[in-house]
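> What shape does this take:
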Amino acid sequence: MFTRVHDKPQEAVNKSAVLAMRRCIVNQRTDIKNHIRGILKTYGIRLGSVGSTQFSQTVKVRLDNMDRLVRISIDGLLEVFDLLNQKGRRSGSGASGTVQQ
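Just a heads-up that it's a prediction; the model follows:
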């Protein structure tokens, strides 16, 4: 009545879950970074090539002449970006070790 299914080893399931979560964090971080770049672009500010570790500092330097509400909004996005960046680095070291085994 029931068909037999292949049962994946638990290690494979764990690796897949970690990689999927890391991919989600990286995608969210990229979306926030691109959104901030888009907002800044409407004000005529282009950042050029900036790595993830220095992105927040670079943006904060450019926020001086902006409206208070816009600064508060971008600061909120930068807080989330920094948190995702931190989590992504932590999960990245564990994910690469998991995959290489």
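
> use CA for all of it now, contacts and neighbours both
Will do.

> Okay, helices next: where are they in the protein?
10-42, 55-62, 68-100 (DSSP state H).

> Make JSON lines from those and add mean pLDDT, mean neighbour count and distance to Ser49 to it.
JSON lines is the format used below for the helices of the chain (pLDDT from 0 to 100; neighbours: other C-alpha atoms under 10 Å; distance: least, C-alpha to C-alpha, whole Å):
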{"stretch": "helix 10-42", "mean pLDDT": "92", "mean neighbour count": "15", "distance to Ser49": "11"}
{"stretch": "helix 55-62", "mean pLDDT": "90", "mean neighbour count": "15", "distance to Ser49": "9"}
{"stretch": "helix 68-100", "mean pLDDT": "79", "mean neighbour count": "15", "distance to Ser49": "17"}
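
> how about those, which one is nearest Phe2?
helix 10-42 (22.5 Å; C-alpha to C-alpha).

> what's the angle from the closest one to helix 55-62?
10 degrees (axes from the mean of the first three to the mean of the last three C-alpha atoms, to 10 degrees).

> quick one: the residue most central in space within the chain from Arg89, how far?
Central residue of the chain (C-alpha atoms, centre = their mean): Arg29, 2.0 Å from the mean position. Here Arg29 is placed at a distance of 11 Å from Arg89 (C-alpha to C-alpha, to the nearest Å).
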